[in-house]
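# Give me a model of this one.
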Amino acid sequence: MRDHETRNLKVILTETELQKKGQELAQCNQGIAEKKAHKKEVSAQIDADIKKFELQVLSLSRAIQNGFEYRDVECVWLYEWASGKKRLIRRDTAEEIDCKSITEAERQQHIDFERAEKKKAMRKIDGGKSASPGEDHACPRKDAPCE
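You can find the predicted model right below:
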């Protein structure tokens, strides 16, 4: 037979016990707030990661379904001075992408470039003695017309 037992009974707390429990309560509340904030932060990061994968899935699905995608492709303008047209050509497939009329500004740049090239050629032929614009100069070849 037992002559003693333990029961869970009401006990009035001392001031020291109340203060200790108050500190524990404050620590628990702070811990909860920190964990909730961390959960929110991690959840937002995970949501962003999921969104990134969803966008990638959409892009890949569209490319597979359509059989093509848009990419930056290097192109070059080819000028046809005689016809007054310029054509935009893909460098990867040589396909014509666009055709436009040559602008007056582009014509002027071309004329200025041709003049500069002629001057260079004349200097090479003359040995650097070519006349400046507006001056008369001797033709390097007697049978060639001078401009």
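
# Could you check the pLDDT of residue 138?
Note on residue 138: pLDDT of 43.

# And for residue 97?
95.

# Just checking: what are the partner strands of the strand or helix carrying it?
If you go by DSSP states H and E, residue 97 is part of strand 96-101. Sheet pairing here is set by DSSP bridges, and for strand 96-101 it gives strand 85-90 (antiparallel).

# could I get the partner strand in PDB with only the CA atoms?
Extracted C-alpha coordinates of strand 85-90, given in PDB (Å, rounded to 0.1, in the frame of the first residue of the first chain):
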ATOM      1  CA  LYS A  85      17.300  50.200-102.700                       C
ATOM      2  CA  LYS A  86      18.900  48.600 -99.700                       C
ATOM      3  CA  ARG A  87      18.200  45.100 -98.500                       C
ATOM      4  CA  LEU A  88      18.500  43.700 -95.000                       C
ATOM      5  CA  ILE A  89      19.900  40.100 -95.200                       C
ATOM      6  CA  ARG A  90      20.200  37.600 -92.400                       C
END
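
# on that earlier part again, skip ahead from the strand holding residue 97 and say which helix or strand is next.
With DSSP H and E, the next secondary element past strand 96-101 is helix 104-126.

# List the buried residues for that next one?
106, 122 (16 or more other Cβ atoms under 10 Å). Any C-beta I mention is one placed from the backbone N, CA and C, and that applies to glycine too.

# Let me see the domain layout of this structure.
15-68, 75-126 (automatic domain parsing).
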